[in-house]
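S.K.: can you look at this prediction? I've put the sequence above it.
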Amino acid sequence: MKTKPPCKTIVVVDGMGGGIGIQLVSKLREAFTQDVEIIALGTNAVAVERMVKAGAHRGAAGENAIRNSVRLGDLIIGPIGIIVGNSMMGEITRSMAEAILAAPGERILLPLQNEHLTLAGLDGLPLAKMIERAVELAKERI
């Protein structure tokens, strides 16, 4: 018997060790028990592996994977650096950032400060609160 395919897809994008992505995936899995597929996209295999262990249904790593798979998401969630070329210590290429911005899904971005990106006028919320808010927004959208 075939199972019903998920009706919505959430793409989580992260880099380095996937620490933010792990937290996002974990909270999204708690919030959505069915009818949602979570895809982990990472700048490297370590980030993807850790996000899949945290509960993503599947994942892929690298520039080409991000450029081609990010369009699968109804929602795209990650730190704001995913839309800024050369951010996240150079892990996000301009091509990746452009693909994320051009993808048809809605983006929910965590306003994390970056060494070359300062966001003025935002309250300095702790990361855990930003992740909670991102999951709340995802629940509203799906």
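M.R.: Ah, there it is. The shown structure was predicted, so the numbers you read here are calculated from the model rather than taken from an experiment. Numbering: from 1, shown residues only.
S.K.: and residue 24, what does it touch?
M.R.: 12, 14, 77-78, 131, 134-135 (CB atoms under 8 Å, 6 or more residues apart in numbering). Glycine gets a C-beta too; all of them are placed from N, C-alpha and C.
S.K.: correction: the previous question concerned residue 119.
M.R.: So, once contact is read as CB under 8 Å, 6+ apart, residue 119 ends up touching 80, 111, 113.
S.K.: the first one touches residue 112, doesn't it?
M.R.: Yes. A contact is recorded between residue 80 and residue 112 when judged using CB atoms under 8 Å, the distance being 6.1 Å.
S.K.: run through who's touching the lowest-mean-pLDDT helix or strand in the chain.
M.R.: The helix or strand with the lowest mean pLDDT-type score in the chain, counting by mean pLDDT, DSSP states H and E, is helix 127-141 (a mean of 94). With contact meaning CB under 8 Å, 6+ apart, helix 127-141 is reached by 10, 20, 23-24, 27-28, 31-32, 74-75, 77, 106, 108, 110-112, 125.
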